[in-house]
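From the sequence below, what's the structure:
(chains A, B, C and D)
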Protein chains: 4
Amino acid sequence: MASVYGTKLKLSVFGESHGDAIGVVIDGFPAGLKLDLDYIDAFMKRRAPGGNFSTKRTEPDIPKIVSGVSDGFTNGYPICAIIENTNQHSSSYQDKMTIPRPSHADYAAALKYGDHVELHGGGHFSGRLTAPLVFAGALCSLYLADFGIEIAAHIKQMLDVSDRSFGHNVTKNELAELKTHAFPTLDPTAGEAFAAIINSARDKGDSVGAKLECAAVGLPAALGEHMFESAEAEISSLIFAVPGVKGIEFGAGFDFCRMYGSQANDPYQYVDGKVVTKQNNCGGIVGGMTTGMPLIFSVAVKPTPSIFIPQDSIDLANNCNTTLKINGRHDPCIAVRAIPVIEACTAVALTQLILKSSGRKL
Amino acid sequence: MASVYGTKLKLSVFGESHGDAIGVVIDGFPAGLKLDLDYIDAFMKRRAPGGNFSTKRTEPDIPKIVSGVSDGFTNGYPICAIIENTNQHSSSYQDKMTIPRPSHADYAAALKYGDHVELHGGGHFSGRLTAPLVFAGALCSLYLADFGIEIAAHIKQMLDVSDRSFGHNVTKNELAELKTHAFPTLDPTAGEAFAAIINSARDKGDSVGAKLECAAVGLPAALGEHMFESAEAEISSLIFAVPGVKGIEFGAGFDFCRMYGSQANDPYQYVDGKVVTKQNNCGGIVGGMTTGMPLIFSVAVKPTPSIFIPQDSIDLANNCNTTLKINGRHDPCIAVRAIPVIEACTAVALTQLILKSSGRKL
Amino acid sequence: MASVYGTKLKLSVFGESHGDAIGVVIDGFPAGLKLDLDYIDAFMKRRAPGGNFSTKRTEPDIPKIVSGVSDGFTNGYPICAIIENTNQHSSSYQDKMTIPRPSHADYAAALKYGDHVELHGGGHFSGRLTAPLVFAGALCSLYLADFGIEIAAHIKQMLDVSDRSFGHNVTKNELAELKTHAFPTLDPTAGEAFAAIINSARDKGDSVGAKLECAAVGLPAALGEHMFESAEAEISSLIFAVPGVKGIEFGAGFDFCRMYGSQANDPYQYVDGKVVTKQNNCGGIVGGMTTGMPLIFSVAVKPTPSIFIPQDSIDLANNCNTTLKINGRHDPCIAVRAIPVIEACTAVALTQLILKSSGRKL
Amino acid sequence: MASVYGTKLKLSVFGESHGDAIGVVIDGFPAGLKLDLDYIDAFMKRRAPGGNFSTKRTEPDIPKIVSGVSDGFTNGYPICAIIENTNQHSSSYQDKMTIPRPSHADYAAALKYGDHVELHGGGHFSGRLTAPLVFAGALCSLYLADFGIEIAAHIKQMLDVSDRSFGHNVTKNELAELKTHAFPTLDPTAGEAFAAIINSARDKGDSVGAKLECAAVGLPAALGEHMFESAEAEISSLIFAVPGVKGIEFGAGFDFCRMYGSQANDPYQYVDGKVVTKQNNCGGIVGGMTTGMPLIFSVAVKPTPSIFIPQDSIDLANNCNTTLKINGRHDPCIAVRAIPVIEACTAVALTQLILKSSGRKL
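Predicted coordinates for the structure are as follows:
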């Protein structure tokens, strides 16, 4: 396991799906932030199970903050938030553990942790472990709000249906409005089509993947460093911690392979005395550093690997091929609940970049 | 700057394009590896400028190893390799420094480093700084070869032309053969088409982007950790250190958004007593850990931002809009020379994962 | 705050003296260790308050392990242990917060954390935060016991009274016996004299410092690295995390300044085919690496700064000099309860060195 | 090897005593510092061999700065300084390598690095590797001078002779004057006595240890963090990288064991509106954070282990006990040349603390 992140802002995530509790310790968070618990609660609810497009596991998921906060303000000490597990159904999983689920961590985990591997409900690999990440991200979003930074994500594509993309110069208002939508799309009709796809997948006992797009507006320029601590690397290291993520692209991303430099380059210009670029193919990052334009990136999320259709697998106890039939509660499309998780990871990464970039010059 | 990588295997990259020398210190590299200098030399030559599709800056780029090697073997001490800069033309760049080149690091770097920013030839941001990375990667490739691990990459797409993809079960022999091709494609006719595109871009003073695909064969299962030290995060943190990279996807990557789980999942099976998967959409990584199947990932490389066509930009000295005309030596497609760099970064990441994964169990 | 330790084995300590709970997340701990809860409990009781020589704050201090353990064995996931605070008397401290206690963290903490500083009971600076360290150390001691490694510490000096020192070749049996003593000294009569000093200091409302000596037996040779990851640095980084520690010396330590090299050097010899040294002035570490001889080091612990005798201080609210009179519960000599904390930190450091030293050679 | 230090300011030290070159890469150093080469040169000369009390190995030790500096100012990129080895006498060492020198790294290094260990002249363990540390420290001292911070060290004790100690309120002027002394003592007569001891040890083919004391004046309060990133831990991690160091104590250090709290505590008072302490037993650090008072600490340095008197050792090739007679060039007292090394390490640690402490509050 390597569930510790960061050098200045540090997260330490713990817990297993079917253990007593999950949570996170956040070290290095600045003192003096007023905790808006309603904001944090609303942020976490967006990830919580129980909605139309998610598993029926309905946990209240209320984080208990046991340290780092005094009189409603962060006090500069490590912040520990604990979320109790109150609704485990470990019987649903129990007898499947010698048959690794395809495209799940089970097989490699069994090799890595040996006889004492704990995979009920996914163990520490469970998507449930994103709840502490969302708590940390909600806190960081409050911190960023003081700098005027806003973050939002939407579902961009599913099967052959697409939502429209963020404009190169997406505004704070557009991001704020996106968060009011029942389904996280810019275009509500795309949301309806995505919902129909998910419902159909659920009915078939199947699941479906998606492409997400995330934007952050209000960033100062020159956050991030060249080479190994680039803004892209900082963001990626958090985004790839989200189960099911298999790709990330910044700005035009893989579409750059279809472009000439004369099309791809983002020319600078002064507009009202401010330096901006005429387009934003770079997604707000050049040379590993922010340009001050909106940060825009996309994320590939694979279909939930836990499906109810029987699948080929192996029986590790008997060394033979077999068929696996999964029970339990599983989202037909984890991408919907991944939206606030991606926003949260982005908030953590940007907070890190801001804290790290302080005091660099003499 | 943040040109230090790693916790067990550590790289510290230094140097500027137009300074005295560039290089790398490699700390934590195991003792006892026989240095095959011809292998290292051949690896570095694949990145070196001077080929048909690259800049005319022809530096011998012979690394001088000043520490960490005794009698032809690594001795366990830090390995420092220095590459002298012998062929700088700083005059080509000199008078452009107040006009930031579009989609280059110039503007953010000027903000970050202030009056003492050094951007001649790109400074420390120059693509030339990938030479030390390739040296480190060549060393790591030799280390991995002892485990039977082979790595190779090819150009997968450029404009509307595609090379074929690695098969889900690509073999060591296929990777070895790929490296013998004049142009790094699986299908030589794709190589010819790519070459034609590049030549055409050069003739127009333009540049072009590309998608690369990289594979590693022979990996043990269970390398990498869940969450923040996943194999994906480890690889990404190095790949995003390569100038021009704007995206990475593992296995089916962004194509997962077009799939149902029943299509996407990679079923396990025993073949000749060995656990394999029937397909490899996960690209050899599940839950952040290797599965033992080939590692396959793709990388988005944007077109070289330095083009000879005049571009809109701004004059930071006079606070006005202006037009920029770039001179100097620039590859019309950095993706060709990026191939060995991507292979090198992959070798470094895999060596890190192997060194870190040792000794985890009681 | 910077309450995160380590690169392979990682600790994240959280909590404030008068908050809801304190605890630790331990990441990177190997799977498969059987948890001997009686052993852990006994270890923690040695640090717990309520004994003859400690504060009257009597908390049960029973850690609740909420993750990382399944069926009584570590499962390789992060281990989170939480200790609830059940016996806070914050009123004892409350009105003193604008008068910094001499030789306490208060003044610097107020500058660092500003208006939102939390110093009731010492906040996160409280000696109570060593309880999670002891939990982590108890776990590591169980891990080390499988390698035949035993650790013990004693009080070496207080005012003019000395206990005898560990011999250069101290044995496992001697360490085991030391732990059975009512007062942690090698010589019981020294223990009685130390107890008398502490009682006398308590009666006067004063406190007293001490020198501790710690040994670890059964270590393999060649743990630790030269330069920045030496065994000395690894151990020091943990020992200096213990409140009140102001010095550390390995082997002969500061007595080396009274020696010639011909006296100081530890000659090697074969004894029964095993390489040992004739004496052990180096305390079992040379060149940053263990030699296989017993690890021996001493630690300086300052007197508890909280004393009941009135002291000069300042009033930060009114910017004037004043006199401070402290109430509350305070050990007259923290060194007694520091003994298991020092042993615990040593166990964590040695576990780290073992985990890091794996897999270095080809 | 683990010759990489730091998280914000990073050092990567490389080279072996008898290789081509040694050096350091400094990453994260702020842009805009004017390089005073005379200052750096003078600082390095204080460590250089060839003086009265040092080895006769006379290397010019002029660092060549190959990156990170433009037009005489740091440019924010990694700074690489290379020092060529021009005066190696590897024959002096060559045939002794199977007989480990007592209290030297040889034995553990042979176990760690196996057949390919390189120990000529001490390899990477050589005291010569402190030259790059001194370069880094000289650079950091220039940086600190802009904040009004001055650092100096002296020899405090050797055998039964003592120099006087820094006063609790030592001034910048006293530190500046100390550096003008021919022998680094506060009291010149102590210097003469130390010189006599060293000369006598040299005449006997022996060596001698020493205690050093170091002070830094002009520090702001609240640098450093509680627990694992305390000012004490930061400084120790660098000081223990210096070969021969076996102990460190801050302020009263081990003398705290002879004190009551009422003697030990440092009462606060306002003097001319400034917060100071009446005494400084804490050595300028409380709770891991600086208090604004002078930083004062002492370091134990063992006698040079290479002595010319025959010593007992073992023959690893023949598995038998033997006698070792060392030739070559060795300082009879490394403590003299350690003075600038300790100052340099302190400068690096304080620069790190300043860079890390920026931007902590909202």
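
so A:L212 bridges to which residues?
Note on A:L212: beta-bridge partners by DSSP bridges are A:I155, A:V299.

oh sorry, the question was meant for A:V24
If you apply DSSP bridges, the partners that A:V24 bridges to are A:V13, A:A81.

gap between it and A:A81?
Relative to A:A81, A:V24 is positioned 6 Å away (Cβ to Cβ, to the nearest Å). In this view, the C-beta of every residue, glycine as well, is placed from N, C-alpha and C.

With neighbour numbers in mind, choose between the two.
Using other Cβ atoms under 10 Å in any protein chain shown, the more surrounded residue of A:V24 and A:A81 is A:V24, with 29 against 26.

Now do the same contact list for that one.
Listed by Cβ atoms under 8 Å, 6 or more residues apart in numbering or on different chains, the contact set of A:V24 reads A:11-14, A:80-81, A:132-133, A:135-136.

Go again with 6 Å.
By Cβ atoms under 6 Å, 6 or more residues apart in numbering or on different chains, the residues touching A:V24 are A:11, A:13, A:81, A:132, A:136.

Which positions within the helix or strand harbouring A:N321 qualify as buried?
Taking DSSP states H and E as the criterion, A:N321 maps to strand A:320-324. Residues A:322, A:324 are the ones in strand A:320-324 that count as buried (16 or more other Cβ atoms under 10 Å in any protein chain shown).

Can you give the strand pairings for it, parallel or anti for each?
strand A:311-315 (antiparallel).

Could you give the average pLDDT over the strand it pairs with?
Here strand A:311-315 scores 96 as its mean pLDDT.

Now for the residue of the stretch 51-200 of chain A at minimum distance from chain B: which residues touch it?
Closest contact between the stretch 51-200 of chain A and chain B, by Cβ to the nearest Cβ, is at A:A105 (2.4 Å). The contact partners of A:A105, taken as Cβ under 6 Å, 6+ apart, are A:125, B:286-287.

The longest helix along chain A relative to helix D:334-357, how many degrees between them?
Secondary structure of chain A per DSSP state H: the longest helix is helix A:334-357. Orientation of helix A:334-357 against helix D:334-357 (axes from the mean of the first three to the mean of the last three Cα atoms, to 10 degrees) gives an angle of 130 degrees.

Let's see the pLDDT reported for the residue lying closest to the residue of the stretch 51-200 of chain A closest to chain B once chain neighbours are set aside.
In space, A:A105 comes closest to B:G287 once its chain neighbours are excluded; the distance is 2.4 Å by Cβ to Cβ, 6 or more residues apart in numbering or on different chains. Per-residue confidence at B:G287 stands at 95 (pLDDT).

so B:G287 touches A:H124, yeah?
No. B:G287 lies out of contact with A:H124 (Cβ atoms under 6 Å); the separation is 9.8 Å.

Pipe the contacts of A:A105 into TSV and attach neighbour count and secondary structure per row.
Formatted as TSV, those follow (neighbours: other Cβ atoms under 10 Å in any protein chain shown; DSSP: H, G, I helix; E, B strand; the rest coil):
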residue	neighbour count	secondary structure
A:F125	26	helix
B:V286	32	strand
B:G287	29	coil
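
Tabulate these in TSV, adding columns for distance to A:G292.
Formatted as TSV, the contacts of A:A105 follow (distance: Cβ to Cβ, whole Å):
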residue	distance to A:G292
A:F125	38
B:V286	38
B:G287	37
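
roughly how far is the helix or strand of chain A with the lowest mean pLDDT from the heart of the chain?
Sorting the helices and strands of chain A by mean pLDDT, DSSP states H and E puts helix A:106-113 at the bottom, at a mean of 90. Mean-position distance between helix A:106-113 and its chain equals 24 Å (Cα atoms, centre = their mean, to the nearest Å).

Dump the helix or strand hosting A:V275 to CSV, restricted to CA.
In this assignment (DSSP H and E), A:V275 forms part of strand A:274-277. Only the C-alpha atoms of strand A:274-277 are listed here, as CSV (Å, rounded to 0.1, in the frame of the first residue of the first chain):
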residue,chain,number,x,y,z
LYS,A,274,-4.1,41.2,-19.1
VAL,A,275,-2.1,38.4,-20.8
VAL,A,276,-4.3,35.7,-22.3
THR,A,277,-4.1,33.2,-25.1
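
Against A:A42, how distant is A:L350?
20 Å.

Mind exporting the C-alpha coordinates of stretch A:240-253 to CSV?
Provided in CSV are the C-alpha atoms of stretch A:240-253 (Å, rounded to 0.1, in the frame of the first residue of the first chain):
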residue,chain,number,x,y,z
PHE,A,240,-4.6,8.0,-11.0
ALA,A,241,-5.4,7.2,-7.4
VAL,A,242,-9.1,7.1,-8.3
PRO,A,243,-10.1,3.5,-9.0
GLY,A,244,-11.1,3.0,-12.6
VAL,A,245,-9.1,5.9,-14.1
LYS,A,246,-7.1,4.7,-17.1
GLY,A,247,-6.1,7.9,-18.9
ILE,A,248,-5.7,11.7,-18.6
GLU,A,249,-5.1,14.3,-21.2
PHE,A,250,-4.6,18.0,-20.8
GLY,A,251,-6.2,20.5,-23.2
ALA,A,252,-6.3,19.1,-26.7
GLY,A,253,-4.6,16.0,-25.4
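
Give me the residues contacting that stretch.
Residues contacting stretch A:240-253 (Cβ under 6 Å, 6+ apart): A:127, A:232, A:236, A:239, A:281-283, A:285, A:296-302, A:334, A:341, B:227-228, B:230, B:232-233, B:246-247, B:249-250, B:253-254, B:256, B:300.

now, which of the residues you listed lie within strands?
Taking DSSP state E, the ones among the contacts of stretch A:240-253 that sit in strands are A:285, A:296-301, B:246-247, B:249-250, B:300.

out of those residues, which are buried?
Here, 16+ other Cβ under 10 Å leaves A:285, A:296-301, B:246-247, B:249-250, B:300 buried among these.

so what's A:S3 up against?
Here A:S3 is in contact with A:13, B:227, C:27, C:78 (criterion: Cβ under 6 Å, 6+ apart).

Identify the residues contacting the first one.
Spelled out, that is A:V13. Contacts of A:V13 by Cβ under 6 Å, 6+ apart are A:3, A:24, A:132.

what's the answer for the second one, then?
When contacts are counted by Cβ under 6 Å, 6+ apart, B:M227 is found next to A:3, A:241.

Kindly recompute the last result at 7 Å.
Contacts for B:M227 were tallied using Cβ atoms under 7 Å, 6 or more residues apart in numbering or on different chains; they are A:2-3, A:13, A:241, B:288.

what does the last one give?
Taking Cβ under 7 Å, 6+ apart as the criterion, C:P78 is in contact with A:1, A:3, A:12-14, A:124, C:25-27, C:67-68.

Okay, helices next: where are they in the stretch 101-250 of chain A?
A:106-113, A:130-145, A:172-178, A:188-203, A:231-239 (DSSP state H, counting those that start in this stretch).

helices or strands next to the shortest one in the packing?
Which is helix A:172-178. For helix A:172-178, the packing partners by 3 or more Cβ pairs under 7 Å, 6 or more residues apart in numbering or on different chains; DSSP states H and E come out as strand A:150-158, strand A:210-217.

I'd like these written out as JSON lines, with distance to D:D187, mean pLDDT and mean neighbour count added.
Shown next, in JSON lines, are the helices and strands packed on helix A:172-178 (distance: least, Cβ to Cβ, whole Å; pLDDT from 0 to 100; neighbours: other Cβ atoms under 10 Å in any protein chain shown):
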{"stretch": "strand A:150-158", "distance to D:D187": "63", "mean pLDDT": "98", "mean neighbour count": "26"}
{"stretch": "strand A:210-217", "distance to D:D187": "62", "mean pLDDT": "98", "mean neighbour count": "25"}
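
what about chain A, any weak spots by pLDDT?
A:1, A:50-60, A:87-96, A:358-362 (pLDDT under 70).

Would you mind naming the helix or strand containing the residue of it positioned farthest from its centre?
In chain A, the residue that sits farthest from the middle, by Cα atoms, centre = their mean, is A:N318; the gap is 37.5 Å. For A:N318, there is no helix or strand it lies in under DSSP H and E.

what does the stretch 1-150 of chain A have sitting close to chain C?
When proximity is defined as Cβ under 7 Å from any Cβ of the partner chain, the stretch 1-150 of chain A approaches chain C at A:1-4, A:10, A:12-16, A:19-21, A:23, A:25, A:27-28, A:31-32, A:66-67, A:70, A:73-78, A:80, A:112-118, A:123-124.
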